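Asks: Requesting a structural model of the entry that follows:
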Amino acid sequence: MMIFELIIRLINPRKRRVLALAEMNMEKEKFLLFKKEFLREFGNSEFVRDMERELTKSGKVRSGAAPAEWDGQK
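Replies: The predicted structure follows:
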């Protein structure tokens, strides 16, 4: 297993727990805004892309399928 896949596999359950806690403690409108920003920061559009770029620079990730494609996400 590549380190990139391991990191994604470990962080996804934590993201779900944070979102579940936020949803329980926020008004719906505020939660939806929080969720959108949280997923932008820690999802494929920010964190995953930045991590892939950094790991690729250091030679720890090979080119190939995009991270979203590994998990069936898009």
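
Asks: rest of the way, CA atoms for contacts and neighbours
Replies: Fine.

Asks: List the buried residues of the strand or helix carrying residue 56.
Replies: If you go by DSSP states H and E, residue 56 is part of helix 47-57. Within helix 47-57, the residues scored as buried using 16 or more other C-alpha atoms under 10 Å are 48, 51, 52.

Asks: Quick one: mean pLDDT for that helix?
Replies: Mean per-residue pLDDT for helix 47-57: 85.

Asks: chain center to it, what's the gap?
Replies: 12 Å (C-alpha atoms, centre = their mean, to the nearest Å).

Asks: same check, this time on stretch 27-41
Replies: 14 Å.

Asks: Name the surrounding residues that touch that stretch.
Replies: Residues from elsewhere that reach stretch 27-41 (C-alpha atoms under 8 Å, 6 or more residues apart in numbering): 19, 22, 23, 46, 47.

Asks: Render the CA-only coordinates of the helix or strand harbouring residue 31 in CSV, please.
Replies: Using DSSP H and E, residue 31 maps to helix 28-42. Coordinates of the C-alpha atoms in helix 28-42 are reproduced here as CSV (Å, rounded to 0.1, in the frame of the first residue of the first chain):
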residue,chain,number,x,y,z
LYS,A,28,-28.4,23.6,9.7
GLU,A,29,-27.4,26.6,7.7
LYS,A,30,-24.1,27.1,9.6
PHE,A,31,-23.4,23.4,9.4
LEU,A,32,-23.8,23.3,5.6
LEU,A,33,-21.4,26.2,5.3
PHE,A,34,-18.9,24.5,7.6
LYS,A,35,-19.2,21.2,5.8
LYS,A,36,-18.6,22.8,2.4
GLU,A,37,-15.5,24.6,3.7
PHE,A,38,-14.2,21.6,5.7
LEU,A,39,-14.5,19.2,2.7
ARG,A,40,-12.9,21.8,0.4
GLU,A,41,-9.9,22.1,2.8
PHE,A,42,-9.6,18.4,3.7
